[in-house]
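**Q** Generate coordinates for the sequence data below:
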Amino acid sequence: MDLTFSIDSTRFGETVTTELIKDGSNVPVTNENRHDFVHRYIQHVLKDSVAAQFESFAEGFYRLFNQVESRLCRASELELLVCGSSQLDFDELERGALYEGAFDAEHPTIKAFWEVAHGLPEAQKRQLLVFATGSDRVPIEGLASVNHFHQTTSESQSTTLCVPEGGCMMCSHQPASHTHAPPPAAVCFALSSCT
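**A** Predicted coordinates:
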C-alpha cells in the first residue's frame, strides 16, 4: 500500500479519509515531499483534528484565568491547575473525613478502615478516591478539602463497606461493629464492585 497525503481514521465504526492537501489521496509521498507530509500529518493530528475540543477547553480555561495570568505560570503550575496533584496524601484525606451516626474518628471501625486505606497500593488508593469522591484526581486544595462522609448502616443492612443505593459518591456506609474491622479484602471488593 502506497502512502499518500491523506489519513484514514475510524469514527463510530466508519472509516473517514482526511486529505492533507487538495486531492491528497492521489498524491503519493516521495523522498522529495516526505518532510511536507510529516509536517502536515503532525499539524492534522496534534492541532486540526482536535481544534474544536481544544477551543472548548481554552474557552473554559480562560474563564478562570485570563491569558496574561496564565502566561505568568510555569507549565508544571498550569498542569496542577488543570489536572490536580498526582500525589495521594491519605493523611489529608483522613483529616477531611466527616462522620455521621455512631462514627467518629476514634471509632474502631473507622480506625481499622483508615489502617486498610493507608496500606493500599497506589492503584487501589485511586479506586478509593473515586469511590469516595467520584474522581481519581486530587483537587488543587489537596485531599483535606474533600469532604466525604462515613455513615453507619443499620444492623439489618450490609456488613461491608458499600456505596448507598443510587451510587451516591462522597459517602460510604459501613457497619458500626465494635467486634471486627473491615478486612482489606472487603475494602478491595467494595472498590472493585463500584469502579
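
**Q** Please, where are all the strands along this protein?
**A** 6-11, 14-19, 98-99, 149-153, 171-175 (DSSP state E).

**Q** mind checking how far Leu72 is from Leu78?
**A** 10 Å (CB to CB, to the nearest Å). Glycine gets a C-beta too; all of them are placed from N, C-alpha and C.

**Q** For those two, indicate the residue with more neighbours.
**A** Leu78 (14 against 8; other CB atoms under 10 Å).

**Q** Wait, Glu19 touches Phe5, no?
**A** Yes. Counting by CB atoms under 8 Å, Phe5 is a contact partner of Glu19 at 6.6 Å.

**Q** where do the contact lists of those two overlap?
**A** Jointly contacting Glu19 and Phe5 under the rule CB atoms under 8 Å, 6 or more residues apart in numbering are Ser25.

**Q** more crowded one of the two?
**A** More neighbours surround Phe5 than the other of Glu19 and Phe5, with 21 against 16 (other CB under 10 Å).

**Q** you'd agree that one is up against Thr18?
**A** No. Contact criterion CB under 8 Å: Phe5 and Thr18 do not qualify, at 9.9 Å.

**Q** Show me where the protein has its helices.
**A** Counting by DSSP state H, the chain has helices at residues 34-46, 51-64, 67-71, 75-83, 90-95, 108-119, 122-133, 184-194.
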